[in-house]
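Visitor: With the input below, show me the fold.
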Amino acid sequence: MIERYALSPIKDIWTQEEQYRRWLEVELAVVQAKEDLGLILKGITETMRQKARIDVPHIHEIEQEVDHDMIACEQTDRDCYTIELDEKYCDVIVKRYIEQAGSADGVSVERDGKTYTFADLEVSDE
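Guide: Here you go, the predicted structure:
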């Protein structure tokens, strides 16, 4: 948005911080729905809501280094829960994380209420 044409409150809803805040609201709604359906552990939504912090400069700094938001989360030593609707992309994200971390130790995937270590998963090229 061109600053000289921007008037409040319109310009306020287009800030980077507001964009992240709205993304967080959507993510929390998705996580809550999955929690309500019993697809993920109870309490994750509330934990996310309590721990979520939006620090735009810090987000940009870490993403410049690692080129992925989940990896950026790990770099800040925070809990990271991710939900991917398409399992192909989940595989890509998990593999990127393992490459960044240097090991699959402690990496697990939850599916249908069961937790699997990454080593226990069968890798498919489909």
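Visitor: Could I get the pLDDT score of the closest residue in space to residue 107 that isn't next to it in sequence?
Guide: What sits nearest to residue 107 in space, not counting adjacent residues and going by Cβ to Cβ, 6 or more residues apart in numbering, is residue 118, at 4.2 Å. In this view, the C-beta of every residue, glycine as well, is placed from N, C-alpha and C. Looking at residue 118, its pLDDT is 80.
Visitor: Provide a list of residues in contact with residue 118.
Guide: 94, 98, 104, 107-109 (Cβ atoms under 8 Å, 6 or more residues apart in numbering).
Visitor: and the gap between it and residue 25?
Guide: 30 Å (Cβ to Cβ, to the nearest Å).
Visitor: Next, the contact list for the spatially closest residue to residue 43 that is not a sequence neighbour, please.
Guide: Of all residues not flanking residue 43 in the chain, residue 35 sits nearest, at 7.8 Å (Cβ to Cβ, 6+ apart). Residue 35 sits next to 41-45 when contact means Cβ under 8 Å, 6+ apart.
Visitor: Select from those residues every entry located in helices.
Guide: 44-45 (DSSP state H).
Visitor: which of the contacts of residue 35 has the most neighbours?
Guide: residue 45 (21 neighbours; other Cβ atoms under 10 Å).
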